[in-house]
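Q: Here's a sequence, model it:
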Amino acid sequence: MSDLLNTTPIEKTKVTLVDVLDKVLEKGAVINGDMVIRVADVDLVFLGLRLILTSVSKAEELSGESFSDPDKELTPEDKEYIKKLQKEIRKAEENIPTLIDLGSPKKTEQGLAKLILSLVELIRRLMEKEAFRRVKKGTLSPAEVQKLGLSLKAVKKKMKEVQAIFGIEDEELNLDLGPLGDLM
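A: Prediction:
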């Protein structure tokens, strides 16, 4: 009894929806289900569902196969894509200060933008975590790493641009999900 009183209380760790979804992707999930569609008590259609949801890095680990070629060289299409991403990032960076001075948008538009940006940020963070795992495992080519990094950076810059338009700060994208905790 005295041991119970002397132990430190369990610390509440803050777990966000991004953390939970990332853990599901990192570990994988299997969903099995069967469904029969019947009309007038007569079975007509059987639908069997076998779904595996996991990150590519986990799928590579489980299958022992690599879905990419880490030795792949940059193709002319890769170089063009990278140039396009770099141009988009510069454009977004240039527009942010200009867009802030345009005035304040309507509250409803801001709320809608906040919701959409929150979902995009959630997806971006999940993709970023998986990208980090794949880069860390060394299964991506330098071209894929560069394209992936620039793509994630371009999405982040574009989000900053839209945030500037609607006057939304980074911390406002972390929605309170009530009993589920924070979104991110």
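
Q: element containing Lys114, please.
A: Using DSSP states H and E, Lys114 sits within helix 107-137.

Q: So for that helix, mean pLDDT?
A: For helix 107-137, the mean per-residue pLDDT is 85.

Q: Which neighbouring elements make contact with that helix?
A: On a contact count with 3 or more CB pairs under 8 Å, 6 or more residues apart in numbering; DSSP states H and E, helix 107-137 meets helix 17-27, helix 56-63, helix 142-166. The way it works is simple: take the backbone N, C-alpha and C, and place the C-beta from them, glycine included.

Q: and it, how far from the chain's centre?
A: Helix 107-137 has its C-alpha centroid displaced from the chain centroid by 5 Å (CA atoms, centre = their mean, to the nearest Å).

Q: Name the residues of it that come out as buried.
A: Neighbour counts over helix 107-137 (16 or more other CB atoms under 10 Å) mark 110, 113-114, 117-118, 120-122, 124-131, 133-134 as buried.

Q: Equivalent analysis for stretch 40-55, please.
A: By neighbour count on 16+ other CB under 10 Å, the buried set for stretch 40-55 is 54-55.

Q: I'd like to know the average pLDDT value across that stretch.
A: pLDDT averaged over stretch 40-55 gives 84.

Q: rewinding a little: most packed of the helices and strands packed on helix 107-137?
A: Mean neighbour count (mean count of other CB atoms under 10 Å) peaks for helix 142-166 among the helices and strands packed on helix 107-137, with a mean of 18.

Q: Identify all contacting residues around it.
A: 68, 70, 72-75, 78, 81-82, 85-86, 88-89, 92-93, 95-97, 99-100, 102, 105, 109-110, 113-114, 117, 120-121, 124, 127-128, 131, 134-135, 140, 168-170, 173 (CB atoms under 8 Å, 6 or more residues apart in numbering).
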